[in-house]
Each structure stands twice: as C-alpha cells, then as structure tokens.
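1. Task: produce atomic coordinates for the following.
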Amino acid sequence: MQSIVDILISLRDAFNGELLFAISMLLLGGWFFGWLAEKLKLPAVTGYLVAGLFLGDSITGIINFQMSAPLKTITDIALGIIAITIGAEFSAKKIKLLGKKILIVTVVQLLAAFVAVTIGLYVFKLPLIYSLILGAIGTATAPAATVVIIQNLRARGEFVDMLYGIVALDDAGCVIIFAIVYAAADSVIGVGVESVGVFRVVFNAVEEIGFAIIVGLGGGGILHYLVAKKTNSKEVMIISLGMIIFITTICVVYNLSSLLANMTAGTLLINLSDRNARIFHSLEPLTIPLYAAFFAIAGTEIKLNVFKSLSVLLYGTIFVIMRFIGKYFGVRFSAALSGCDHKTQKYLGYAMLPQAGVAIGLILYIQASPLSLNATPDVRLFFDQIINIVFFSTMINELVGPPISEYAIKRGADL
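-> Numbering: from 1, shown residues only. Predicted structure coming up:
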C-alpha cells in the first residue's frame, strides 16, 4: 500500500510543475466536484471551489503553489468575461428605472457592513485601527460567483437587475473606503514610512478608476466597430474574446482595474446597439470551462492552516457574522427605503455573502505595502492576523455564500 502511495506522490511531483497538467486537473476536478455539488443540491460554483481546495497545497498538492503566476492568465480572462457580462446589464432603460435604487442600496449596505464589522471586532478587543481595516475589507463582495449562479439559473427581473448593479458598484466603493482607512492607519501606526496623506490616496484611487473607465470606453467602442457588420457568430466570438483579452492586458500592464474596464466596455456596447447582445451570446460556449477553472484556481488559494489559531477563529467568526448582519440588514433597510418590491427587500441581502477577489487583493496589497514591511514586530503580528482573518472569511463565505445566494436568487428572481 505504501509503495502505491509513493508511486502516486512521485507521479504528482513529476507533473505538478507543468502548466498543462495543472489546467487539465483544474478542469477535470472542477467537472467532478461541480457534478457532485449539483447532486447534493449545491451550486456548481461550490464544487469548483472544493475541487481547488482538494487539488491545492492544503490537501493533495496536485496543483503546485508555483503555478499561481502562470494560472493567473486564466483568472484574468475569466474575470474579463464576467465583468463585460455584468456591464451588459446596465442598459439605459434599466438604469433609468433602477439607477437611484441601486445607488441607495449600494451605499447603505457598504456603510452598514463597514460599521458592523468594525464595531463587532472592536468590542472583542481588537484595536480600533485594525478593526477599521477589516471593516473596510468586509465591504467587498464577489461578483464572479453571483454572475455564474444567475447564468446557470437563467434568472431575470428586478431582483437580478438590482443584484448586478450592486455587485458592480460595491467593489469600487470598497476600494475607496479601504484607501481612506489605510491612509489613516499609516498616520496612526506608521513607522518611519512617508505618509502620502488620505486625500492623495483617494485621488490615486479615483485616478485609477478614471483611467480604467477610459480603457473600457475605448475597447468597447473598437469592439462595436469591428463586429458591426459581422454576421458569423464564430467571427464575433473570436473578435470579442480578443478585445476582452486586450483590454485586460492594458489593465494588467498599467495596474488598472480590469473588472471596471470590462464592465465599462459591456455597458457601452449594450447601449450603442441592441445588436451587440450577440457579442455576449457568442461568448457563452466559453464560459463554463473558464468559470470552472477560475473558481478551482480560487479554491487552491484556500489555506486550511488558518484553523490552527484560536484568535483567528474567534475574530474570523465575528468578521463573518457581523459582515452578514451589515450586508443583509443594510440591503433590507435600504431596499425598503427606496421602494423595491417585497421579494427584493426580503432576499437580496442573502445574495451579498460571497467574498473573494477584491478582499484577497487588498490583503495582498497590505502584505506588500511599506507600512507592513517596515512595521515593528508587534504591528506586523496584527497585520498577519488581519491577513489570516480575511483568508478565513473568504473561505467560509465562498463555500457557504454561493448556496445561500442561489437560494435567494431562486426566491427573489423570475426563473
């Protein structure tokens, strides 16, 4: 028996440095665990994430951690397609009908989640400045999981329009709140780091958002022109995919938000011509394998060792609970205030639970920031704790959030 295990380990070690092997395992593992999840009445997204967890370093190590950088290409492409799909929901008619409601609900639930997480952690003796940082990160959601569930269910209606609008705006709001809080943290706990000041940080965030929008408008306009006279759906698909990857490449090179740029492109396309809907239809055959690989890759980033620390378990649990309270009741109160229908008021908040991309991006920013790198050992300990708390939260919210979101969408949307 031991010899069989040794053979399997040697085979794993021989192949797990190969990118093609990693992609094949992600697709096959994603398919199997996605199928298993659906048999258990769970969203396929949950299965994809579990596949990544199983394949990653936390369990089998079949996907080597060194594959993270090469696999980022798949993640970038999948996010580009997800983002342009979200943008396509912002037609002028829908914005005119729901624009004010979306803005009210987005702002209220952002602030509610920020305040709830901050107060919850501070009450349990986490220093205020670190509670505020985690409160800011707690406002982020995961639009990718939401899009996949909606597409699989073929859901529609005001509920879906509201949900698309909120998750599209939510992460931009999260980044702005985080920029303000982290600039304040620099001035409070900075250790010889030259602080650029809160207004400069906010200005940089706004500048980044502005350039991402310009890239999206340019890319969307070019794509509209290129496919305007095309009638072959395969040609439309090739051109569209190429432009999405090009937009994403510009954002990667210049450190802009590819999510925002591609959302902008999608919004422009759907408002320039109704015929551009065929762009989004042409991409549908690509989405299932890309999404399976995307969420499986996200699953490989889940680290089970966060369960070893009692303080991380305590604060992580508080973080998850208070974030849910802030998101759910923030949405419910603001949806009622803005005149949304009863189903939207009751169920929309449940669909805000998934959390991944932006939250992980922000803790990676913390890890690389001068404030963290030059911190004293005591401050560094708190930053490490913040990072582990967010890893714990994203693991719980990405595994538990999609089934709850699916339940909410089934109850609130038109199927």
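2. how about the helices in the stretch 1-150 of the chain?
-> 2-15, 19-39, 44-55, 68-87, 92-123, 128-137, 143-153 (DSSP state H, counting those that start in this stretch).
3. deepest of those, which one?
-> Comparing the helices of the stretch 1-150 of the chain on average neighbours per residue, with mean count of other C-beta atoms under 10 Å, the densest one is helix 44-55 at a mean of 27. Heads up, the C-betas are built off the backbone N, CA and C, glycines and all.
4. Now do the phi/psi pair for residue 60.
-> phi -100, psi -20 (degrees, to the nearest 10).
5. Report how many residues lie close to the closest residue to residue 54 other than its chain neighbours.
-> Using C-beta to C-beta, 6 or more residues apart in numbering and skipping the chain neighbours, the partner closest in space to residue 54 is residue 60 (6.1 Å). If you count neighbours by other C-beta atoms under 10 Å, residue 60 ends up with 16.
6. Relative to residue 270, how far out is residue 60?
-> 43 Å (C-beta to C-beta, to the nearest Å).
7. again with residue 258
-> Counting by C-beta to C-beta, the gap from residue 258 to residue 270 is 19 Å.
8. quick revisit: residue 242: which of the helices of the stretch 1-150 of the chain is closest?
-> Among the helices of the stretch 1-150 of the chain, the nearest to residue 242 by C-beta to C-beta is helix 68-87 (10.9 Å).
9. Tell me how far the closest one lies from the chain's centre.
-> 11 Å (C-alpha atoms, centre = their mean, to the nearest Å).
10. what about the longest helix in this protein?
-> Counting residues, the longest helix in the chain under DSSP state H turns out to be helix 377-412.
11. So for that helix, mean pLDDT?
-> Across helix 377-412, pLDDT averages out at 81.
12. Against which helices or strands is that helix packed?
-> Judged by 3 or more C-beta pairs under 8 Å, 6 or more residues apart in numbering; DSSP states H and E, helix 377-412 is in contact with helix 44-55, helix 128-137, helix 143-153, helix 158-189, helix 310-337, helix 342-347, helix 357-368.
13. how about that helix: buried residues?
-> Neighbour-count burial for helix 377-412, with 16 or more other C-beta atoms under 10 Å as criterion, is recorded at 379, 382-399, 401-406, 408-409, 412.
14. Centre of the chain to that helix, how far?
-> Here the centre of helix 377-412 is set off from its chain's centre by 11 Å, with C-alpha atoms, centre = their mean.
15. What of stretch 299-307?
-> Counting by C-alpha atoms, centre = their mean, stretch 299-307 comes out at 17 Å from the chain centroid.
16. Pull it out as PDB, backbone CA atoms only.
-> Extracted in PDB, the C-alpha atoms of stretch 299-307 (Å, rounded to 0.1, in the frame of the first residue of the first chain):
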ATOM      1  CA  GLY A 299     -10.000  27.200  -4.300                       C
ATOM      2  CA  THR A 300      -6.300  26.400  -4.500                       C
ATOM      3  CA  GLU A 301      -5.700  29.600  -2.600                       C
ATOM      4  CA  ILE A 302      -7.700  28.500   0.400                       C
ATOM      5  CA  LYS A 303      -5.400  27.800   3.300                       C
ATOM      6  CA  LEU A 304      -6.700  25.400   6.000                       C
ATOM      7  CA  ASN A 305      -3.900  26.300   8.400                       C
ATOM      8  CA  VAL A 306      -5.800  29.400   9.400                       C
ATOM      9  CA  PHE A 307      -7.800  27.000  11.700                       C
END
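17. ok, residue 300 - contacts?
-> Shown in contact with residue 300 (C-beta atoms under 8 Å, 6 or more residues apart in numbering): 52-53, 55-57, 63, 65, 68.
18. With pLDDT and distance to residue 225 as added columns, please give those in a markdown table.
-> Formatted as a markdown table, the contacts of residue 300 follow (pLDDT from 0 to 100; distance: C-beta to C-beta, whole Å):
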| residue | pLDDT | distance to residue 225 |
| --- | --- | --- |
| 52 | 85 | 38 |
| 53 | 83 | 43 |
| 55 | 87 | 42 |
| 56 | 83 | 42 |
| 57 | 80 | 46 |
| 63 | 82 | 40 |
| 65 | 70 | 43 |
| 68 | 71 | 37 |
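19. Quick check: the two most widely separated of those?
-> Comparing the members of the contacts of residue 300, the greatest separation, given C-beta to C-beta, is between 53 and 68, at 14.6 Å.
20. List the buried residues of stretch 154-166.
-> Neighbour-count burial for stretch 154-166 flags 155, 157-166 (criterion: 16+ other C-beta under 10 Å).
21. for those, which one is nearest residue 116?
-> For the buried residues of stretch 154-166, the nearest to residue 116 is residue 166 (16.9 Å; C-beta to C-beta).
22. Isn't that closest one up against residue 102?
-> Yes. Counting by C-beta atoms under 8 Å, residue 166 touches residue 102, with 6.1 Å between them.
23. Name the secondary structure element that contains the closest residue to residue 78 other than its chain neighbours.
-> Excluding the flanking residues, the one nearest residue 78 by C-beta to C-beta, 6+ apart is residue 294, at 3.7 Å. Assigned by DSSP states H and E, residue 294 belongs to helix 277-300.
24. Then residue 256?
-> For residue 256, there is no host helix or strand (DSSP H and E).
25. Could you pull up the residues touching it?
-> By C-beta under 8 Å, 6+ apart, the neighbours of residue 256 are 208, 211-212, 215, 250.
26. quick one: low-confidence parts of the stretch 101-250 of the chain?
-> Within the stretch 101-250 of the chain, the ranges that satisfy pLDDT under 70 run 172, 183, 186-206.
27. returning to what we had before: please convert the contacts of residue 256 to CSV, extending it with neighbour count and distance to residue 329.
-> Below are those laid out as CSV (neighbours: other C-beta atoms under 10 Å; distance: C-beta to C-beta, whole Å):
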residue, neighbour count, distance to residue 329
208, 18, 31
211, 18, 35
212, 25, 31
215, 24, 36
250, 17, 39
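28. any idea which of those is the one closest to residue 136?
-> For the contacts of residue 256, the nearest to residue 136 is residue 208 (16.6 Å; C-beta to C-beta).
29. didn't the closest one look like it was pressed against residue 255?
-> Yes. Between residue 208 and residue 255 there is a contact under C-beta under 8 Å: 7.5 Å.
30. Show me the domain layout of this protein.
-> Domains of the chain are assigned by automatic domain parsing as 2-69, 72-412.
31. ok, and the closest non-adjacent residue to residue 234?
-> residue 282 (7.8 Å).
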